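S.K.: Requesting a structural model of the entry that follows:
(one chain, ligands or ions: 4)
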Amino acid sequence: MSHGQDMNRRDFIKISSLFLAGSAAMSTQIGQTVTGSGNALAADGQERVVHSFCEHCFWRCGIAAHVRDGKIYKITGSEHHPLSNGRLCPRGTGGIGQIYDPDRLAHPLIREKKGGKTSYRKASWDEAITYTAERLYKIKEQYGPQAIAMLHHGYGYTFFKEMFKAFGVNKFAKPSYDFCCGPRHQGFIFTYGHSAGTPEGIDIENSKYILFFGTHYGENMHNTAVQEISEGIRRGLKIVVFDPRFSTLAGKAEKWLPIKAGTDIAMMQAIMNVLISEDLYDKQFVAENTVGFDELWAEVQQMTPEKAAEITDISADDIREIARNYASHAPAAAVHPGRRTQWYADGTQRVRAIAILNALVGNYKMPGGVVKYEKYKVPKAAHHEYPAFEKEVWSKYPLFTDIKPENTIASHEVMQQAISGEVKAMFVYGVNVPETITMGRKKALEALNNIDFLVAVDTLPMEVTGYADVVLPESTYLERYDDLDGGRPYRTPFVALRQPVVEPMFDSKPGNEIARMLAEKLELHGVFEESVEEYLDKRLKMAGSSLEEVKKTGVLKNPEPTDLYRKPGEPLTFKTPSGKIELASSKMKEAGFDAVPKFIQHPDAPEGYYRVLTGRKPMLTFGRTANNRFLNELPTARENEIWVNPEVAAKHQLSHGESIHLKNQAGVVSEFPIKVKVTQRIRQDAVYMVHGYGHYFKKLKWAHAKGASHNQLISNYEIDESIGAVGFQNNFVTFIKEA
Ligand SMILES: Nc1nc2c(c(=O)[nH]1)N[C@H]1C(S)=C(S)[C@@H](COP(=O)(O)OP(=O)(O)OC[C@H]3O[C@@H](n4cnc5c(=O)[nH]c(N)nc54)[C@H](O)[C@@H]3O)O[C@H]1N2
Ligand SMILES: Nc1nc2c(c(=O)[nH]1)N[C@H]1C(S)=C(S)[C@@H](COP(=O)(O)OP(=O)(O)OC[C@H]3O[C@@H](n4cnc5c(=O)[nH]c(N)nc54)[C@H](O)[C@@H]3O)O[C@H]1N2
Ligand code: SF4
Ligand SMILES: [Mo]
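M.R.: Ligands and ions are numbered 1, 2, ... in the order given. Here you go, the predicted model:
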């Protein structure tokens with residue numbers, strides 16, 4: 001099938017190469033010094049190092065960008081930033097490939113219809129901003145502020161959010177809430193009263209035994225965690241990995257358990273069953289600090305290791321052994337909360353089960369267990385009175401919240417409201433909607449096709465830009481200031497600064513300037529300081545420093561790490577309704593959901609089909625790096641493969657390296673072929689492909705048609721009705737051999 005089938009009114013337009021940076025223009029640009037001589041950022045024939053933070057994933061490590069003759073030639077890990085410790089993951093070093101990407105968006109673009117033909121024309125910033133402001137204003141006048149929604153991911157969105165709030169719009173959605181980590185935030189909050197955190201509050205450094213469910217560090221490259229795990233293993237940390245696939249992490253594990261996908265809650269219940277029935281749990285801790293033990297036992301006592309063995313395909317002996325080892329290493333033992341936790345519709349319950357497994361062994365605030373990091377306190381420089389909103393939260397899900405709160409609605413709800421006509425305009429900042437919204441590409445396009453006005457703020461001609469009415473080219477993270485990375489709890493509390501390393505290339509602009517221009521056009525006064533520098537300086541001065549000071553190292557941090565551990569006899573309090581760790585969640589119960597995680601059977605694949613599992617590759621963060629020539633040069637990084645067990649390959653007569661198409665249970669066929677990887681490293685009932693390949697926009701010259709798109713093959717999704725997250729792992733594929 002071609003994506004052509006998904007098109008209708010909002011035809012997918014090929015942005016003329018005239019409007020992109022283009023290779024020719026690029027080569028001169030790269031060779032030259034960037035504009036603005038006389039400015040501090042201009043070429044000076046000397047080397048300098050600028051400290052900032054990475055945007056290639058959401059971990060936000062500190063970087064040191066090395067500049068020579070006005071050009072960045074190397075990016076290394078900042079020695080000052082606690083999340084880097086002088087090192088980066090492979091993607092972090094690849095920023096050069098983003099800033100000097102010849103396919104970059106170079107100018108604002110406006111969609112135009114002439115004589116029945118739709119195309120993009122190059123526009124000035126003033127024109128693009130005026131047009132955007134007019135359209136947004138009219139839509140708000142006609143339909144009310146609830147008809148406008150902003151979708152955002154990545155760190156430059158904050159200024160747009162301020163602008164929209166001043167404009168009276170507060171419908172904000174962050175796809176990474178409902179498609180990624182909502183369950184792990186909420187699941188921990190319902191149990192402990194605080195989130196699992198980013199970085200996770202697991203004291204990996206001091207742990208002796210950690211269980212991982214899915215979470216595939218080594219492929220998922222979260223820098224600090226990978227460093228801590230490698231260091232831990234060198235030191236004797238034992239890890240156990242439950243994964244239907246032999247992941248890189250499984251290769252480092254004491255034990256790999258090829259669990260049947262979707263059965264993890266049964267496994268977790270069985271481990272609880274052993275801990276309780278064999279008296280291996282921390283009785284005193286549970287008695288003093290938890291509520292709901294009886295309810296928990298009433299639920300898990302039926303899940304004997306023998307019963308779980310039938311469900312999970314892991315032997316009862318293995319389950320007992322792991323439960324006993326886990327307890328024997330406690331309290332320096334933990335179960336990792338994971339990150340992308342919305343696998344099925346029961347993600348919140350699965351993370352709750354993880355939280356409970358931790359609580360049962362009394363590892364809270366103990367070396368090697370679950371810890372609660374602290375924030376570096378840096379006040380917000382609020383200066384604008386917002387209008388009263390009709391609603392503060394637009395989500396219909398009873399337990400939808402967000403820690404910050406950055407969201408007021410789930411992104412799948414925005415998509416549904418676009419389809420139903422309630423949302424008329426979308427402002428998309430750094431979200432490649434067709435390939436990211438895990439309701440599947442078809443549904444995502446249905447939503448984009450149905451709205452009146454779409455603005456995309458992006459750095460590259462990603463798929464989403466091809467549906468936009470206005471495309472606003474943002475400068476990359478190496479060319480701009482953003483708001484401070486403040487208020488993230490960590491072992492060493494810190495605040496980090498993003499600052500421009502070189503001046504914006506082409507006619508791109510930093511988000512903070514674009515938002516300011518929009519605010520001015522909409523006549524919203526007093527939203528922003530005179531300059532972003534003034535704003536940052538104000539915030540940093542409130543924290544006892546200054547912009548000038550923090551620019552030197554890119555980070556402000558507590559001199560000493562926080563004392564993370566509890567003293568003997570120290571009373572603990574939790575911000576849950578009961579003030580205790582809730583083994584049975586009162587919030588879940590009150591909202592009409594199971595107070596204790598229950599195992600629900602997920603459907604098996606139809607005959608001849610296989611469950612599609614997905615994950616990450618070390619050199620790729622989907623749309624963020626897919627077109628990055630610097631990162632994806634190696635053939636292994638340039639495309640994804642479909643992992644197939646040898647027995648399955650034999651049954652379907654597939655050979656290793658063969659190019660095939662995939663077809664899902666709804667008949668959707670992958671637009672591009674994908675190579676078969678025949679491997680024992682995956683179960684027979686599942687296949688595996690990395691997400692973030694198979695781009696169909698031709699202007700992504702490097703990424704186009706490399707591998708197959710995971711999101712295209714999603715036709716089935718399920719909602720976690722408690723928090724409003726979207727599960728998408730009940731999708732299945734079979735193979736179509738090339739003619
Ligand atoms: N099918 C499927 N879908 C998934 C997943 C999956 O595994 N499978 N994973 C889910 C997960 S875990 C997550 S976190 C989300 C991620 O979802 P997204 O963050 O939406 O993922 P990307 O595809 O990387 O889209 C990022 C967009 O931001 C643009 N961009 C990069 N840097 C900048 C910048 O500095 N400024 C601006 N304005 N734009 C920038 C990129 O060009 C790209 O268009 O996807 C989810 N969707
Ligand atoms: N290099 C790199 N690193 C990244 C990213 C990237 O794009 N590239 N993206 C970042 C983002 S946004 C996120 S959200 C994280 C995601 O990274 P993780 O949170 O680690 O992702 P998961 O989906 O938990 O893990 C995927 C693994 O789960 C296994 N799995 C699938 N189904 C099941 C199941 O039912 N049970 C069990 N036990 N295992 C299962 C898969 O085989 C795969 O090995 O990675 C982050 N880090
Ligand atoms: S983990 Fe890698 S990509 Fe993510 S922020 Fe750190 S260095 Fe950048
Ligand atoms: Mo994610």
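
S.K.: In this model Ser119 seems to touch Glu112, though I could be wrong.
M.R.: Yes. Between Glu112 and Ser119 a contact is recorded at 6.0 Å, counting by Cβ atoms under 8 Å. Using the backbone N, CA and C atoms, a C-beta is placed for each residue, glycine as well.

S.K.: how far away is the residue lying closest to Phe389 once chain neighbours are set aside from ligand 2?
M.R.: Spatial nearest neighbour of Phe389, chain neighbours left out: Asn170 (4.8 Å); criterion: Cβ to Cβ, 6 or more residues apart in numbering. Asn170 sits 25 Å away from ligand 2, going by Cβ to the nearest ligand atom, to the nearest Å.

S.K.: Now do the same for Asn170: helix, strand or coil?
M.R.: Under DSSP: H, G, I helix; E, B strand; the rest coil, the three-state class of Asn170 is coil.

S.K.: still on that earlier bit, Glu112 and Ser119: which is more packed in?
M.R.: Using other Cβ atoms under 10 Å as the criterion, Glu112 and Ser119 rank with Ser119 on top: 16 against 13.

S.K.: Tell me the secondary structure at that one.
M.R.: Per three-state DSSP, the secondary structure class of Ser119 is strand.

S.K.: Is it in contact with Ile110, as I believe?
M.R.: No. With contacts counted by Cβ under 8 Å, Ser119 stays clear of Ile110, the gap being 9.9 Å.

S.K.: helix, strand or coil for the residue in the stretch 1-150 of the chain positioned nearest to ligand 2?
M.R.: Proximity of the stretch 1-150 of the chain to ligand 2 (Cβ to the nearest ligand atom) peaks at Cys57, 5.0 Å away. Three-state assignment for Cys57 (three-state DSSP): coil.

S.K.: Quick one: the strands in the stretch 251-400 of the chain, in order.
M.R.: 255-257, 290-291, 333-335 (DSSP state E, counting those that start in this stretch).

S.K.: If you drop the residues flanking it in sequence, what lies closest to Met366?
M.R.: Nearest to Met366 is Pro331, by Cβ to Cβ, 6+ apart, at 3.8 Å.

S.K.: From Ile210, how far out is that neighbour?
M.R.: Applying Cβ to Cβ, to the nearest Å, the value for Pro331 to Ile210 is 13 Å.

S.K.: between these two, which one's more packed in?
M.R.: Higher neighbour count among Pro331 and Ile210: Ile210, with 26 against 23, using other Cβ under 10 Å.

S.K.: gap between the more buried one and Met221?
M.R.: Distance, Ile210 to Met221, using Cβ to Cβ: 18 Å.

S.K.: Ala270 now?
M.R.: Counting by Cβ to Cβ, the separation of Ala270 from Met221 is 31 Å.

S.K.: If you count surrounding residues, which of the two has more?
M.R.: Taking neighbours as other Cβ under 10 Å, Ala270 and Met221 compare with Ala270 leading, 27 against 24.

S.K.: which non-adjacent residue is nearest the more buried one?
M.R.: That would be Ala308: by Cβ to Cβ, 6+ apart, it lies 3.4 Å from Ala270.

S.K.: Likewise for Ile409?
M.R.: Nearest non-adjacent residue to Ile409, counting by Cβ to Cβ, 6+ apart: Trp394, 4.0 Å away.

S.K.: was I right about the one you found contacting Gln416?
M.R.: No. Checked against Cβ under 8 Å, the pair Trp394 and Gln416 is beyond contact range at 11.7 Å.

S.K.: Neighbour count: these two, which is higher?
M.R.: Taking other Cβ under 10 Å, Trp394 and Gln416 do not tie; Trp394 has more neighbours (23 against 18).

S.K.: Could I get the contacting residues of the more buried one?
M.R.: Residues counted as contacts of Trp394 (Cβ atoms under 8 Å, 6 or more residues apart in numbering) are Gln146, Asn170, Lys171, Thr408, Ile409, Glu413.

S.K.: Now for the last one: which residues touch it?
M.R.: Same thing as Glu413. Ala173, Trp394, Ser395, Lys396, Gly724.
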